[in-house]
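Trainee: Quick one: sequence plus predicted model below, questions after.
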Amino acid sequence: MVRLIGLAAALILLAGCGGKKTTSVVTPGGTVTSTEDASGKTTTEYKGEHGELTTETTEQGSTAQIKDKEGNVTNVETGRGVDLAKAGIAIYPGASIDDEGKAAATATTGQSTITAAGMTTSDPPSKVLAWYEKQLKGAQKVTAPEGGMVMGQNDAGDKVIVTVGVEEGKTQIGVQVHKGE
């Protein structure tokens, strides 16, 4: 499964590069086929001894479905379609999701879903940590000179982890919501 997730990430990156209409490559482990349509959407499929992987990449983001040889399925979505509000946690007021949503992802396996996003704000880390601490039930906070972390649960009882730090003079926020764990 780990090999397929790594392959998924590589294929999502390659699929976004564009190129020919349809390309197929046969490897000792399987076959990879990539097709780009007129709208720029790229679909890449891998079928091999370890399972199957299908990715779709557009300007809005990417999706991947990974099926291992036992039939276990993991779905991954990245980009602007990832919504923290649907995951049960708000975006920090005034923060922007990094790179137009490219730093956001949702992965679903069986009954578990993890949603993660990276954000940037000009507010100090202490203010961000205090805001998220108020948003979470049973919040536990750890602080450091330039950031920290707060953990707790959203209203639905899902585990939420927020990390905050400073990079290049901006406050960086990382949010993870774990459902079904």
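Mentor: Received, thanks.
Trainee: where does the closest residue to residue 153 other than its chain neighbours land on pLDDT?
Mentor: The shortest distance from residue 153 to any non-neighbouring residue, by C-beta to C-beta, 6 or more residues apart in numbering, is to residue 137 (4.6 Å). Every residue, glycine included, has its C-beta placed from N, CA and C. Predicted confidence (pLDDT) for residue 137: 96.
Trainee: now the one 3 residues further on
Mentor: Confidence at residue 140, expressed as pLDDT, is 96.
Trainee: Distance check, the residue in the chain sticking out farthest from the centre against residue 22.
Mentor: In the chain, the residue that sits farthest from the middle, by C-alpha atoms, centre = their mean, is residue 28; the gap is 29.8 Å. Distance, residue 28 to residue 22, using C-beta to C-beta, to the nearest Å: 22 Å.
Trainee: residues near the closest residue to residue 178 other than its chain neighbours, how many?
Mentor: Spatially, and ignoring its direct neighbours in sequence, residue 178 is nearest to residue 159 (4.2 Å; C-beta to C-beta, 6+ apart). Neighbourhood size, residue 159 [other C-beta atoms under 10 Å]: 16.
Trainee: Residue 159 touches residue 140, doesn't it?
Mentor: No. Counting by C-beta atoms under 8 Å, residue 159 stays clear of residue 140, with 11.4 Å between them.
Trainee: looking at this protein, which helix or strand is least sure?
Mentor: helix 2-15 (a mean of 48; mean pLDDT, DSSP states H and E).
Trainee: Can you spell out which residues form a bridge with the residue most central in space within the chain?
Mentor: Nearest to the geometric centre of the chain sits residue 105, at 1.6 Å (C-alpha atoms, centre = their mean). Residue 105 has these beta-bridge partners by DSSP bridges: residue 78, residue 116.
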